[in-house]
Structures are given as C-alpha cells and as structure tokens.
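Asks: The sequence and its predicted three-dimensional model are supplied below.
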Amino acid sequence: MPTTPGSRTTSQRKKKRSTKSHGLDTSQKRRFQTRLLRWYKKFGRDLPWRKTSDPYHILVSEVMLQQTQVDRVIPKYHEFLDRYPSLEELAGAPVSDVKKTWYPLGYNIRPERLHSIACETMERYGGRLPSAAAELLSFKGIGRYTAGAIRSFAFNEDAPILDTNVIRVLHRVFLAKGDPKTQKPQLWQLSESLIPRGKGYDFNQAIMDFGATCCTARTPSCRQCPMKSFCKTYPFDLKSRRATERYEGR
Ligand code: SF4
C-alpha cells in the first residue's frame with residue numbers, strides 16, 4: 001500500500017514501537033522504568049546515605065555495604081564518619097585505628113582499602129574524589145560497581161551499577177535463562193540502557209531497593225510485584241529459587 005509523506009503503514013508503526021536498544025524492547029523498557037520509579041516513590045527505604053551527596057560519605061557507605069546487611073551498616077556508618085569526617089582525617093589516621101573503628105563489620109581488607117583510597121585522593125586529587133569513571137577505576141578498591149555508585153549517587157550522573165540485587169532483578173525480569181555470572185556484559189548493558197535520562201540517582205536507588213525488599217532471593221513478593229505482567233520469571237517457583245541459590249551461592 002503506498003504511503004503519503006508523514007503517514008506510516010501498520011508494519012512501520014510496529015517496527016517503530018519495538019525499536020530495540022541493547023536487545024531491549026523500547027516499550028518494555030519504558031514500562032519497567034515507570035513502574036520501578038513509581039514503586040520506589042511508595043516503598044523506597046529511608047537510608048542515611050541518601051541524605052548526602054558528599055562523595056566521601058557515599059564511598060564509605062558503599063564499601064561498608066559490600067557483603068554486609070543495611071541494618072548492621074547504619075550505626076557503623078555514623079560512628080565511622082563521626083571519627084573520620086573527611087578523607088583528609090581518614091588519610092591521617094593510622095590504619096590500625098581505622099580497622100578498630102571498623103570492627104565488628106569484618107572483611108578487614110575493606111578499611112585498609114578505604115584508607116589507601118583516602119591517602120591516594122589526598123596525594124593525587126587534593127582531597128576530592130574525582131567523578132570520571134576512568135579516574136575512579138584507577139584506585140585500588142574501586143571497581144565498576146563502586147565507581148557507578150559514586151558517579152550516580154554523589155555526582156548525579158546516569159552511570160550504571162550492578163550488584164547482587166540489581167543482577168537478580170534484571171536477570172529475572174529480562175533474561176530468566178543462563179547463569180548471571182557469565183552474563184555480566186549483557187547485564188551491565190541492560191543496567192545502562194534502562195536508566196531514564198537524568199534519573200540515574202533515583203533509578204539506581206530504586207532498583208537496589210526493589211531487589212532488597214520486593215524481588216528478594218528466596219521469597220520474592222511476586223503477587224504484589226508491579227513487573228509481574230512481563231517478568232520472565234513470574235511466577236517464581238522452586239526451580240527459580242534453586243537457580244537463584246546456585247548463582248548467589250545461598
Ligand atoms: S514478578 Fe517476582 S520474580 Fe519477577 S520481578 Fe517481580 S518479584 Fe521478581
């Protein structure tokens with residue numbers, strides 16, 4: 001059927017609607033973004049590191065949250081920042097004292113790394129953490145996730161993140177097959193392509209909260225979930241649970 005300029009055939013309209021970005025259908029992407037942000041507005045957690053945009057505070061919270069539950073991190077986060085209120089004061093403290101303050105969080109490599117990041121920031125950047133990904137990644141102890149968290153939570157950039165919660169959510173909703181450990185490049189791409197422009201901060205906080213409180217590892221709240229109409233894992237069953245346990249090592 002001939003078309004006049006400005007008009008589109010049904011197949012052209014369908015093609016436009018299903019434009020894909022990083023293998024993701026555009027309408028599906030929008031639906032996920034909208035529902036996630038709406039969910040976050042209602043159920044997002046009130047956490048102390050969401051009341052600051054100080055890169056140092058964000059760094060401390062992110063390092064503490066690695067392999068540690070939020071409830072255990074909150075009091076230690078306050079105590080640590082009372083004791084070392086700036087990167088300069090942290091850099092000037094003996095590592096042994098920093099480790100004592102860190103106790104009983106465990107994984108003592110973390111306070112050591114934090115201390116070395118503080119020293120390096122003093123030497124190379126005059127005490128201010130940089131915002132560029134390449135510079136952040138050049139620090140020992142700052143990996144791709146932490147760099148993304150600092151960029152989005154402290155510098156308001158649309159930088160992707162991928163931690164255990166984000167992996168679980170993205171894998172369940174969009175992939176449902178395969179081992180997430182070997183699908184990291186695809187999951188990073190998904191994480192990046194899903195961020196609505198200019199909303200990296202909220203989107204990243206939202207997806208982490210969603211994984212921590214709704215799409216949990218063992219007992220996700222599928223019935224109340226805003227994604228259930230298009231989630232590839234819905235309804236979550238024993239097979240899905242075993243898959244999660246396998247890749248999350250639970
Ligand atoms: S429907 Fe269930 S498995 Fe899917 S995202 Fe929601 S909570 Fe997670």
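Replies: All right, it came through fine.
Asks: quick one: low-confidence parts of this structure?
Replies: 1-23, 250 (pLDDT under 70).
Asks: go again using 90 as the cut-off
Replies: 1-26, 28, 66-67, 106-108, 237-250 (pLDDT under 90).
Asks: That one: strands as residue ranges?
Replies: 20-21, 24-25 (DSSP state E).
Asks: what sits against the most centrally placed residue in the chain?
Replies: With distances taken as Cα atoms, centre = their mean, residue 161 lies nearest the centre of the chain, 3.9 Å away. Neighbour list for residue 161: 145, 148, 149, 152, 191, 204, 207, 208 [criterion: Cβ atoms under 8 Å, 6 or more residues apart in numbering]. The C-beta positions use only the backbone N, C-alpha and C, and glycine is treated the same way.
Asks: again with residue 79
Replies: residue 101.
Asks: With the one 10 residues further on instead?
Replies: With contacts defined as Cβ under 8 Å, 6+ apart, residue 89 is in contact with no residue.
Asks: Pull up the residues of this protein that are close to the ligand.
Replies: Within the chain, the residues that sit near the ligand (Cβ under 6 Å from any ligand atom) are 172-173, 214-215, 220-222, 225, 227-228, 231, 233-234, 236.
Asks: Could you identify the most distant pair in those residues?
Replies: Greatest spacing in the residues of the chain next to the ligand, by Cβ to Cβ: 173 and 221 (13.9 Å).
Asks: of the two, who's got more company?
Replies: residue 173 (23 against 12; other Cβ atoms under 10 Å).
Asks: Grab the nearest non-local neighbour of the more buried one.
Replies: residue 231 (4.8 Å; Cβ to Cβ, 6 or more residues apart in numbering).
Asks: Now the phi/psi pair for that neighbour, please.
Replies: phi -70, psi 130 (degrees, to the nearest 10).
Asks: wait, it sits on residue 220?
Replies: No. With contacts counted by Cβ atoms under 8 Å, residue 231 stays clear of residue 220, the gap being 9.3 Å.
Asks: what about these two, which has more around it?
Replies: Each of residue 231 and residue 220 has its neighbours counted (other Cβ under 10 Å); residue 220 has more, 26 against 20.
Asks: Relative to residue 128, how far out is that one?
Replies: To residue 128, residue 220 is 40 Å away according to Cβ to Cβ, to the nearest Å.
Asks: domains of this structure?
Replies: According to automatic domain parsing, the chain comprises the domains 23-45+159-248, 54-153.
Asks: ok, the nearest residue to residue 218 once chain neighbours are set aside - how many residues close by?
Replies: The spatial neighbour of residue 218 that comes closest, neighbours along the chain excluded (Cβ to Cβ, 6+ apart), is residue 241 at 6.2 Å. Residue 241 has 15 neighbours, counted by other Cβ under 10 Å.
Asks: Thank you kindly, that will do.
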